[in-house]
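Undergrad: quick one, what's the 3D model for this:
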Amino acid sequence: MEKSNHNTEALEDIQKRLEKLVLKIRISQKNDPDQMFLDNQEFIQIMNISKRTAQEWRSQNIIGYSQVGKKFYYRLSDIIDLLKKFYNPSNP
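TA: Predicted coordinates:
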């Protein structure tokens, strides 16, 4: 049960960080966050994962991405969709 609570807390933490990022984007750039792209460094910081994990997720088609040269970019809406796909609500 503790693992489930830890996973839920981790997902909630990621969701809070994403909400803060979306707010910053809306305030500073007034762009549609669904059309915003984050580079690999921003992605791994938001998701709190390693570069290797990001690479695995790309290889396994877990997250969509664009590649320009050696740089990878992720659509903010794809990150949100990923979190929704793996969301596991708690049972009271």
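Undergrad: longest helix of the protein?
TA: Longest helix in the chain by number of residues (criterion: DSSP state H): helix 2-29.
Undergrad: who does that helix touch, helix- and strand-wise?
TA: helix 40-47, helix 76-85 (3 or more Cβ pairs under 8 Å, 6 or more residues apart in numbering; DSSP states H and E). In short, each C-beta sits where N, CA and C put it, glycine included.
Undergrad: how far off centre is it?
TA: For helix 2-29, the gap between its own C-alpha mean and the chain's C-alpha mean amounts to 9 Å (Cα atoms, centre = their mean, to the nearest Å).
Undergrad: just so I know, which of the helices and strands packed on helix 2-29 lies nearest Asn7?
TA: Among the helices and strands packed on helix 2-29, helix 76-85 comes nearest to Asn7, with 11.9 Å by Cβ to Cβ.
Undergrad: what residues sit buried inside the closest one?
TA: The neighbour-count check on helix 76-85 (16 or more other Cβ atoms under 10 Å) flags Leu76, Asp78, Ile79, Ile80, Leu82 as buried.
Undergrad: may I see these arranged in CSV, with distance to Asn91 as well?
TA: Listed next are those as CSV, based on distance: Cβ to Cβ, whole Å:
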residue, distance to Asn91
Leu76, 30
Asp78, 28
Ile79, 26
Ile80, 24
Leu82, 22
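Undergrad: pick the one among those residues closest to Val68.
TA: Compare each of those with Val68 using Cβ to Cβ and the shortest gap goes to Asp78, at 16.1 Å.
Undergrad: contact partners for that closest one?
TA: For Asp78, the set of contacting residues under the criterion of Cβ atoms under 8 Å, 6 or more residues apart in numbering consists of Ile63, Gly64, Tyr65.
Undergrad: in TSV, list the helices and strands packed on helix 2-29 along with distance to Arg58 and mean pLDDT.
TA: Formatted as TSV, the helices and strands packed on helix 2-29 follow (distance: least, Cβ to Cβ, whole Å; pLDDT from 0 to 100):
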stretch	distance to Arg58	mean pLDDT
helix 40-47	9	93
helix 76-85	11	90
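Undergrad: thank you kindly, that will do.
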